[in-house]
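Undergrad: model this:
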Amino acid sequence: MNKISKKSLQEAAEWLVKQQEKPLTPVEQTQLEHWQQSSDNNRFAWQRAQRFINQVDTLPKDIAYAVLNRPDDKERRLNIGKLALLLATGPIAWGAYKTVESQHWRADYRTAKGQMKQVTLPDGTQVTLNTATAFDAFFDGKERLLALREGEIQLHVAKATSQDFRPFIVSTQEAFLSPLEANFTVRQYPHTTRLGVLEGRVEAMPKFADHKEKNIIITGHQAELSDHSLLSHEVLSTDTISWLNNMLAVHNMPLHQFIQEVSRYHRGLLRVSPKIENIEISGAFPITDINVILNMLSNTYPININNHLGNYWITLEAV
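TA: You can find the predicted model right below:
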């Protein structure tokens, strides 16, 4: 097959985005068919677009979201161009994205999207992993180190024996956390670390603080840390630990932020119309069933749920 023209790939990308945003009208469907039949270039470009959308779940979610899910006109045009480029490069490039993603997940312990599990470390420490979580564990003669790559964990640190007084340290992108027989949670955000202490005491130290301040966070408190400072220290919120009961609890959270939380458990794309993105959401939602969450939203708020590609692509729009 000859090389597909840039113009046909660009037009195929436009049709693909239009098709994913909402079902095509009969007129638009006829226009798409006429466009395909008008040239071999167009027909081959659309075949490649269909192969792409059938494999899009192998792409990292943030890449797929950025390419297909920008409502702003300027961003939309830019990302249609990115999609056209992906169509031009073909399956080799799509496979490269998958390879990069898999390398990121080569951790000692990990969970996929929507998965939760418990593991026991060599010293007896019990760790619960939330969705899309990965960490490494390094145990030697001097220390016990858990390095959280991403996601969220609960740790019940084993009691030190008379033969083993090695310090236990949790390392995140921003901080070192040193517990003593503690039960606590840690979540890695893009630029901050959140610590919640259920029992015991945890010493929290930002990695790049001007002076090595050691903040002691006690039972019933939580803290947010950057790599330079303690950003907040307050009473532990039940919302922070609701995931331990398979729930997502929120209070007056903007819909766009709420959907970002829900998307951590969904193997696909969730889009919110700008018209409703600031609706404030409150309640407790079961993280084990995305469809229940969506039904609760549509029954409680002026929101319509539109599903595409077998629930892979879900759009929330105004009623």
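Undergrad: Gly283 bridge partners, please.
TA: Under DSSP bridges, the beta-bridge partners of Gly283 are Val250.
Undergrad: ok, it - contacts?
TA: For Gly283, the contact set (CB atoms under 8 Å, 6 or more residues apart in numbering) comprises 249-250, 296, 300. Every C-beta, even on glycine, is put in place using the N, C-alpha and C of the backbone.
Undergrad: Out of the residues you listed, flag the one nearest to Leu155.
TA: Ala249 (20.9 Å; CB to CB).
Undergrad: ok, the closest residue to the closest one other than its chain neighbours - how many residues close by?
TA: Leaving aside its sequence neighbours, Ala249 sits nearest to Ser242 (CB to CB, 6 or more residues apart in numbering; 3.7 Å). If you count neighbours by other CB atoms under 10 Å, Ser242 ends up with 16.
Undergrad: Run a quick check on Ser242 versus Leu248, I expect a contact.
TA: Yes: counting by CB atoms under 8 Å, Ser242 sits close enough to Leu248 to count as a contact (6.3 Å).
Undergrad: Could you tell me which residues touch both of these two?
TA: Going by CB under 8 Å, 6+ apart, residues that sit against Ser242 and also against Leu248 are Ala284.
Undergrad: and stretch 231-243, how far out from the chain's middle?
TA: Remark: stretch 231-243 is offset 20 Å from the chain centroid, using CA atoms, centre = their mean, to the nearest Å.
Undergrad: Contacts for it, please.
TA: Counting by CB under 8 Å, 6+ apart, 130, 152, 154, 185, 192, 194, 196-198, 215, 217, 220-225, 248-251, 284, 287 sit against stretch 231-243.
Undergrad: Return the closest of the contacts of Gly283 with respect to Gln29.
TA: Met296 (33.2 Å).
Undergrad: what about the nearest residue to the closest one once chain neighbours are set aside, which SS state?
TA: Once flanking residues are discounted, Met296 sits nearest to Phe285: 6.1 Å by CB to CB, 6+ apart. Recorded secondary structure, Phe285: strand (DSSP: H, G, I helix; E, B strand; the rest coil).
Undergrad: Alpha carbons of the helix or strand containing Glu11, as PDB, please.
TA: In the assignment (DSSP states H and E), Glu11 maps to helix 6-21. The C-alpha trace of helix 6-21 is given here as PDB (Å, rounded to 0.1, in the frame of the first residue of the first chain):
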ATOM      1  CA  LYS A   6      -1.200  13.800   5.300                       C
ATOM      2  CA  LYS A   7      -4.500  15.400   4.300                       C
ATOM      3  CA  SER A   8      -6.400  12.100   4.500                       C
ATOM      4  CA  LEU A   9      -4.900  11.200   7.900                       C
ATOM      5  CA  GLN A  10      -5.800  14.700   9.200                       C
ATOM      6  CA  GLU A  11      -9.400  14.300   8.000                       C
ATOM      7  CA  ALA A  12      -9.600  10.700   9.400                       C
ATOM      8  CA  ALA A  13      -8.400  12.100  12.800                       C
ATOM      9  CA  GLU A  14     -11.200  14.700  12.700                       C
ATOM     10  CA  TRP A  15     -13.800  12.100  11.900                       C
ATOM     11  CA  LEU A  16     -12.500   9.800  14.600                       C
ATOM     12  CA  VAL A  17     -12.700  12.600  17.300                       C
ATOM     13  CA  LYS A  18     -16.200  13.600  16.100                       C
ATOM     14  CA  GLN A  19     -17.300  10.000  16.300                       C
ATOM     15  CA  GLN A  20     -16.000   9.500  19.800                       C
ATOM     16  CA  GLU A  21     -17.600  12.800  21.100                       C
END
